[in-house]
Each structure stands twice: as C-alpha cells, then as structure tokens.
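[1] mind looking at a prediction? Sequence and model below.
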Amino acid sequence: MLFVVPALTLWGCTPDVTHLYDTEKQTALAVATDVPPGWKPDAAVGIASKDLATALSAVITTAVAADRPAISLPLPLGIQASLNPDLHVKRVKIAATTDCAACFSLDVALEGQARWEAGPASGSVPISAAATAIVAVSIRDGSSVEVKPRRVGSLAVEVPSLGNLRVNASGPLQEWLRATLVNKVPAIRVATLDTTALPVRDLRLSTTTDRLEIEILSNVPGAVALRALPAPASGVEVALSETVLTGLARRAAFKAGTLDLDVAVDPRGIEVEGGQFTMDLRLWRLVGRGWYRDYAVTGDLGVSRGARSRLTLVATSAKETAASPGAIFVDPIAAIFQSKILDAIVDAMNRSLPAQTEQRVIGVGLQAQATEARGLDDALHLYGSLDVVEPGTR
C-alpha cells in the first residue's frame, strides 16, 4: 500500500506534467526491429566447455548402451558368429575447431567388454575405441540452443582375438559405433532462451576451447553493448548490460500503468556494481496537472537458496533527488514493490540461465542452479552450476 504526505503547495500553480509522462511512455515501449550488420551483443550466455563435455559423455554413454545389437561376423563355411559390445565413455575432450564458427572438435575414448558366440563356443574380450567428431551447436525455433555430433572423423577400435576364431571384428564394430555416434546420439538442448522475458532481435553462436558463447541482441532501442562477454571457468554465466536492465524494467513499469493513488513508476536508469544496484526512479502522479518526484534507490543483488535458486533484487533505501512543483511524498520502496518492476529483471536473468528447468535427453538430465550475482563492467552477471543427472537418479 502506498501512502501520501499532503503538501501545502497550491495545485493551480503547478505545471501540467502528464504530457511528459506520455512522451516517456512512448520511448519506454518502443521496440527495435533492425539488425545492424556486425552488431555487438548487449546480452550473452556462456557455458563452460568442460560442462558440455560432461553432458556429452553421459549422453553418448547412454546412447551406446541403449544401442547394443548383436553384430554378425561371417566365418568360413557359412558359419555366423555374433558380437555384443558393452561400451562406456572413458574420456571426452572438447576443443576449438575451424570447421565452423559454432562447432567443437570432440575426442572420445571408450572402453568395455564384448561378449561373443560362435556355435557352442563363447567368451568375452576387452574392447576399446577412440573417435574424433565434429559437434555442431545450432539454434532451433529461434530460442533453443542444441549440441549434437554432426560427423565422425577418425575412428579406431581395438579388439583382441575371439578365442580361436579367425575373424577381424574391428571393422563391423567401427561401422556400428560410427552410426551410433552420428544417428543415435540425440541433440542436447543446453539452453532455451525465454523470449518473453528477454525479447531477442537476433542470436549468434561462437565457440572457443573453453566455452560456448550465445550472443544476444535485445530489442531494447539504444542498448549499449556488453564490455566483456561471459567467460565461465565452469558452469554457466548470463550477462545483461545495464541499458538492457533499464529497458526491461521501464517496459514493465509503463505496461503496469498507474498504481494506488494514481501513481506511476518509472525506473529511468539502473546501475549495478558488486553486490548492489542503484536505480534512478521517478514517481509520477497522473491526476489533474500531475507531478513527479525523483529518487536514488539502492538495493542488494543476491541469489536465493533452496531447491530452486534464483536471482534476487531487493530495494533497501531511497533518497529524494528532485521534484516538480506541487509534488507530495509517496513511499518509493512501496511503489517499487507494488509495481514489480524488479521482477522483469529477475525473470529475464533466471529464464536465460541454461537448462534452468531440468531437461532430459534419453534419460540424462541437465540442471542449472544460480550460485552468485554480481555487477561487473556495466552489466549484471548471474553465475550458475550446470549439473548432469544420470539416468535413474535425481
């Protein structure tokens, strides 16, 4: 509930400021649609390569385990032997590649056992394999970022002799493994950008040995590009420039319209530094000729703890900086709370966190959890972990 302290100013002497509010509303609700060539991102998501490697390792292991046919091996005199491989991933390494801008080079080492049968004879032998592949990162439906092996380069399989059988099992095993890596390993959805929370004009993908970068051009007019792209050593990192934060908050404020006592909220600028934010806030009263009052609001950035961690922004204090003639006092903290303008920022950051809602690919789950929030280089950065949930576990 807002509260007002009456002023003794004569209402008839105040200038009409309602037209100023209408002008600001048009500016705040404007949407940029052009995509300039060579644009620079004003928001971005970074995912560490080693976490992508962990996810790929789990998915490849599951795919190989799920696709274990009895491989036929022809023997002399028309006799057939069968081989049942049971492999798991020993190691996955990701590196940069020049194959494409949104690709990784993948080195996979597998090992396990193969059970063979030939008439009454049978046995088990250790097997190992090493493969290189190109992993492509793509955008589906304008918002889902997916990772999938695109083609296999080199592939070597080591199989010892199957008892006294004179047969080379390496070739058939190579064919099976090559087909499995390309056709049976599904696309892993590593991020789904909620374009209702963070309206996107354009997306661009790039890779380095250390990370996948999802560069975003928001539709906030005049938004300033990020000074530094996310570079997580592990897990994930989301960054939104201060101008995007301000644009999202202003849109939410003007869409909300007037609150109690015909007061409207206008967050005109937001700055973040370390664990705090500062907001240039204007409160408008849109009755009669109207008035406005300006405040510098400060608050804390944080991450809630619990089953689902989330970014939090909490306004803690406000200091008046200016006012139009005839303005009376309205509680700015209560107005911020009632207008929920901070929720627009919180939702944009939390919903941009990769796999923020658990996603499962052939039984393997990806789960992101926010761990820290910080203002850095004129942008809000949200850091998180990216955990792989094995089949049959939570």
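    Alright, I've got the coordinates. Residues are numbered from 1 along each chain as shown.

[2] quick one: the strands in the stretch 51-200 of the chain?
    For the stretch 51-200 of the chain, applying DSSP state E, counting those that start in this stretch gives strands covering 71-74, 80-96, 103-118, 121-140, 144-158, 188-192, 200-207.

[3] now those strands in CSV, with mean pLDDT, distance to residue 286 and mean neighbour count?
    Placement of C-beta: from N, CA and C, glycine included. Shown next, in CSV, are the strands of the stretch 51-200 of the chain (pLDDT from 0 to 100; distance: least, C-beta to C-beta, whole Å; neighbours: other C-beta atoms under 10 Å):
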stretch, mean pLDDT, distance to residue 286, mean neighbour count
strand 71-74, 84, 76, 15
strand 80-96, 89, 55, 18
strand 103-118, 92, 54, 19
strand 121-140, 92, 42, 17
strand 144-158, 91, 41, 17
strand 188-192, 82, 38, 23
strand 200-207, 92, 31, 18
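
[4] can you say which of those is nearest to residue 226?
    Of all those, the one in closest proximity to residue 226, counting by C-beta to C-beta, is strand 200-207 (12.7 Å).

[5] ok, the nearest residue to residue 193 once chain neighbours are set aside - contacts?
    Nearest residue to residue 193 in three dimensions, chain neighbours excluded: residue 143, at 4.7 Å (C-beta to C-beta, 6 or more residues apart in numbering). For residue 143, the contacting residues are 192, 193, 194, 195, 200, by C-beta atoms under 8 Å, 6 or more residues apart in numbering.

[6] quick revisit: adding distance to residue 262, write the strands of the stretch 51-200 of the chain out as CSV.
    What follows is these, written out as CSV (distance: least, C-beta to C-beta, whole Å):
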stretch, distance to residue 262
strand 71-74, 77
strand 80-96, 57
strand 103-118, 56
strand 121-140, 44
strand 144-158, 43
strand 188-192, 39
strand 200-207, 34
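
[7] residue closest to the middle of the protein?
    In the chain, the residue lying closest to the centroid (C-alpha atoms, centre = their mean) is residue 354, at 3.0 Å.

[8] surely that one meets residue 191?
    Yes: at 3.8 Å, residue 354 counts as touching residue 191 under the criterion of C-beta atoms under 8 Å.

[9] so residue 172 touches residue 83, yeah?
    Yes: using C-beta under 8 Å, residue 172 is in contact with residue 83, at 7.1 Å.
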